[in-house]
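Visitor: here is my input, please return the structure:
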Amino acid sequence: MIKNSLTGKQKSFLRSMGMTLEPVVMIGKEGITPTVVQSAAEVLKKRELIKVRVLQNCFEDPKEAIAVLADRTNSNLVQVIGHNGLLFRRNYDKPKIELPK
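Guide: Residues are numbered from 1 along each chain as shown. Predicted coordinates for the structure are as follows:
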């Protein structure tokens, strides 16, 4: 996992972008399955910033589940609020998001 290589300013920038996003990856009662990890990794490659939702029927703690997903997709955990989390992973081939320095 990329250990918080984001500055506070960059996290703030990504949080403001994430407010308008809809969750694209859902973690259900099965928890973090290889399918969930694979779909999250594919969407991260395309979008760089994704919103993840932990559904009510998931037995895992939302913070832990989203942190595990961030770890397995090799992405930065930007924030967790309630059952939603933001993940960011830079696409070096085709960057879409220009982070502030």
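Visitor: quick check, central residue of this protein?
Guide: L87 (1.9 Å; CA atoms, centre = their mean).
Visitor: tell me the phi and psi of the closest residue to I27 other than its chain neighbours?
Guide: Spatially, and ignoring its direct neighbours in sequence, I27 is nearest to V54 (4.7 Å; CB to CB, 6 or more residues apart in numbering). All C-beta atoms are positioned from the backbone trio N, CA, C, and that covers glycine. Main-chain dihedrals, V54, degrees, to the nearest 10: phi -100, psi 120.
Visitor: what number of residues lie near V54?
Guide: The tally of other residues near V54 (other CB atoms under 10 Å) stands at 26.
Visitor: so for it, what pLDDT did the model give?
Guide: We note a pLDDT of 97 for V54 in this prediction.
Visitor: just to check, it is in contact with V68?
Guide: No. Counting by CB atoms under 8 Å, V68 is not a contact partner of V54; they are 10.7 Å apart.
Visitor: can you give me the helices for this protein?
Guide: 8-18, 34-47, 62-72 (DSSP state H).
Visitor: list the buried residues in the second one.
Guide: Going by neighbour count (16 or more other CB atoms under 10 Å), the buried part of helix 34-47 is 36-37, 39-41, 43-44, 47.
Visitor: who are the neighbours in contact with P34?
Guide: Not one residue lies near P34 by CB atoms under 8 Å, 6 or more residues apart in numbering.
Visitor: any idea how far it is from L69?
Guide: 12 Å (CB to CB, to the nearest Å).
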